[in-house]
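Engineer: sequence-free structure coming up:
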């Protein structure tokens, strides 16, 4: 079994404004993109479970021409708020890297 | 029409030789100076995000080149947050530079700060509507906030250009509008101007490997535009430019701007050569109503923090009950000594090594390592109160007993003396709404002067 990061050239998270987080998953090549997408490792359901977010609150884009997947979710704590842990939202992508790809 | 972006953020800079090369034959120079990315502090406090000397260096080179070439220059989101004090901070640097170098030009400044009374009236008239997600907006939240700004579109910048301003310093401004204002005024289609603006606003970030911040150039015409990095060490590829459209935006195909939406879903990116990329095929869909985005920050309290390392495996294996009982003891002490209940302050234990980075979103909140970085975070109504509560917490925690050790223990490794630090005021973003305007320039006061 391999992990998602082995197929990608970039996985990142970032604020999309202070109220949302956005994740970019960019694959190295078509082969890896197809393999991962066919495996079901990345899907709205997978994101729902990993980030405990409801499907209706999530924006989920598969962008084949860029061999990319983009997911945007609302922030639990707004950027810089008293209980926020990550002002730039730059470290929420960690768990995605190790998603198993069968 | 050749448009130059000096860099992605005015404080980060660019190479002097790149700017000099880029400006050759250019019609216009722009730079974005702001963002909400660093959180609500700058908007709330009124402090600009410097460093001032770096901002001055970059402005000096930009002004020198723009004045030499006789082309307009636009700075958007002055001083990072674009409020009145941030605008004043930037204008002071511009005036200083003009005096030091004996430069003369027509300067326009555009104020984007919105008075609370003005906002309250708009709110009562029903002109303010929420985006998603948005904090609840009431008259009270408006009154209690520190500062509001409205994010201007292209129209106020165009108004300044029409008045003959050569240097325009704008308060909070859409990043894209900085670059789209002049092209649209000159008859370039909106989809071309806005899409080019979206790529230009991050400077060299759309290049394949941006080793350092630098300039970016776009050549705009009726049928599309071409981007090419003026630094010969960088190159743009169709992939790098298209991929940049994903960066820090929630939707990769639809960019909502004042006055409409840029739809890039059918955009074509093709290589002109191995460094330049031509973009065609986007659309601009005009909105039925003209809205500007509002940003606001409210004071949430004052913070004091302490950083502590925990290395004792017996404490670590019972960290949750250890911190829970510590909290109980501390709450009692604070009630006894300061007469305050737990609702009067926010006490957080941030546990690095477990879920410090992701908080409630951490899918594996378990301890695996041999040490933990604990940040004790106190937020209270005044700095004095936060600073009084904090040592009660850390000193109690330092000697908080566990059953396995008999005798007085010291649980925290403090790297600093004094252990605690006052972190100052804490703000929160208190609005994520748009304001419907009849006139896109209405809330934005403009001053034009000759320097």
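Structural biologist: Great, that's in hand. None of these values were measured; they are calculated from a predicted model.
Engineer: from the contact counts, what lies against the longest helix anywhere in chain A?
Structural biologist: Taking DSSP state H as the assignment, the helix of chain A that covers the most residues is helix A:30-39. The criterion is 3 or more CB pairs under 8 Å, 6 or more residues apart in numbering or on different chains; DSSP states H and E, and the helices and strands that helix A:30-39 contacts are strand A:100-101. Every residue, glycine included, has its C-beta placed from N, CA and C.
Engineer: now do the strand it packs on: which elements does it pack against?
Structural biologist: The contact analysis (3+ CB pairs under 8 Å, 6+ apart) places strand A:100-101 against strand A:2-3, helix A:30-39.
Engineer: tell me the first helix or strand C-terminal of the last one.
Structural biologist: What it means is helix A:30-39. Downstream of helix A:30-39, the next assigned helix or strand under DSSP states H and E is helix A:44-51.
Engineer: buried ones in that following helix, by neighbour count?
Structural biologist: A:47-48, A:51 (16 or more other CB atoms under 10 Å in any protein chain shown).
Engineer: likewise for stretch B:381-398?
Structural biologist: Counting neighbours by 16+ other CB under 10 Å, the buried set in stretch B:381-398 is B:383, B:385-398.
Engineer: stretch B:210-228 too?
Structural biologist: If you call a residue buried by 16+ other CB under 10 Å, then stretch B:210-228 has these buried ones: B:210, B:213-220, B:224-228.
Engineer: does chain A sit close to it?
Structural biologist: No - using CB under 8 Å from any CB of the partner chain, we find that stretch B:210-228 stays clear of chain A, coming within 13.2 Å at best.
Engineer: what's the lengthiest helix in chain B in contact with?
Structural biologist: Ranked by residue count, the top helix of chain B under DSSP H comes out as helix B:319-338. Residues lying outside helix B:319-338 but in contact with it, judged by CB atoms under 8 Å, 6 or more residues apart in numbering or on different chains, are B:310, B:315, B:340-342, B:345, B:347, B:349, B:351, B:354, B:367, B:372, B:385, B:388-389, B:392-393, B:396-397, B:400, B:402, B:411.
Engineer: what about residue B:143, how many neighbours?
Structural biologist: Per other CB atoms under 10 Å in any protein chain shown, the neighbour tally for residue B:143 reads 12.
Engineer: can you pull the pLDDT of residue B:245?
Structural biologist: Predicted confidence (pLDDT) at residue B:245: the value is 83.
Engineer: nearest residue to the closest residue to chain A within chain B other than its sequence neighbours?
Structural biologist: Taking CB to the nearest CB, chain A has its nearest neighbour within chain B at residue B:39, 2.6 Å off. Leaving out its chain neighbours, the residue that sits closest to residue B:39 by CB to CB, 6 or more residues apart in numbering or on different chains is residue A:80, at 2.6 Å.
Engineer: hang on, that neighbour in a strand?
Structural biologist: No - secondary structure assignment (DSSP: H, G, I helix; E, B strand; the rest coil) places residue A:80 in coil, not in a strand.
Engineer: for it, grab phi and psi.
Structural biologist: Residue A:80 has phi and psi values of phi 80, psi 0 when expressed as degrees, to the nearest 10.
Engineer: what about it, how many residues nearby?
Structural biologist: Residue A:80 is flanked by 26 other residues according to other CB under 10 Å.
Engineer: just residue B:318 next, same as before
Structural biologist: Using other CB under 10 Å, the number of residues around residue B:318 comes to 14.
Engineer: tell me if I'm right that it and residue B:401 touch.
Structural biologist: No - the pair residue B:318 and residue B:401 does not pass the contact test of CB atoms under 8 Å, sitting 11.5 Å apart.
Engineer: how near is residue A:31 to residue A:15?
Structural biologist: Separation of residue A:31 from residue A:15 (CB to CB, to the nearest Å) stands at 32 Å.
Engineer: ignore what I typed, I meant residue B:348.
Structural biologist: 21 Å.
Engineer: which one of those two has more residues nearby?
Structural biologist: In this view residue B:348 and residue A:15 are compared by other CB under 10 Å, and residue A:15 has more residues nearby, 26 against 16.
Engineer: what's near enough to touch the more buried one?
Structural biologist: Residues counted as contacts of residue A:15 (CB under 8 Å, 6+ apart) are A:21-22, A:75, A:79, A:88-89, B:36-37, B:248.
Engineer: at 7 Å what do you get?
Structural biologist: A:21, A:79, A:88-89, B:37, B:248 (CB atoms under 7 Å, 6 or more residues apart in numbering or on different chains).
Engineer: which of the residues you listed lies closest to residue B:28?
Structural biologist: Compare each of the contacts of residue A:15 with residue B:28 using CB to CB and the shortest gap goes to residue B:248, at 24.2 Å.
Engineer: what pLDDT does that closest one get?
Structural biologist: pLDDT for residue B:248: 85.
Engineer: and the nearest residue to it once chain neighbours are set aside, how many neighbours?
Structural biologist: Ranked by CB to CB, 6+ apart and with sequence neighbours excluded, the top spatial neighbour of residue B:248 is residue A:14, at 4.9 Å. With neighbours defined by other CB under 10 Å, the count for residue A:14 comes to 19.
Engineer: so for residue A:14, what's the pLDDT?
Structural biologist: 96.
Engineer: tell me what angle the longest strand anywhere in chain B forms with helix B:319-338.
Structural biologist: Looking across chain B with DSSP state E, the single longest strand is strand B:290-310. Counting by axes from the mean of the first three to the mean of the last three CA atoms, to 10 degrees, strand B:290-310 lies at 100 degrees to helix B:319-338.
Engineer: contacts for whichever strand or helix holds residue B:242, please.
Structural biologist: Secondary structure here is read from DSSP H and E; on that basis residue B:242 sits in helix B:238-244. Applying CB under 7 Å, 6+ apart, the set of residues contacting helix B:238-244 from outside is A:26, A:66, B:199, B:202, B:205-208, B:227, B:269-271, B:277, B:279.
Engineer: could you tell me how far residue B:111 is located from residue B:396?
Structural biologist: When distances are taken as CB to CB, residue B:111 and residue B:396 turn out to be 49 Å apart.
Engineer: now swap in residue A:35 and tell me
Structural biologist: Applying CB to CB, the value for residue A:35 to residue B:396 is 54 Å.
Engineer: ok, now residue B:320?
Structural biologist: Distance check for residue B:320 against residue B:396: by CB to CB, it reads 17 Å.
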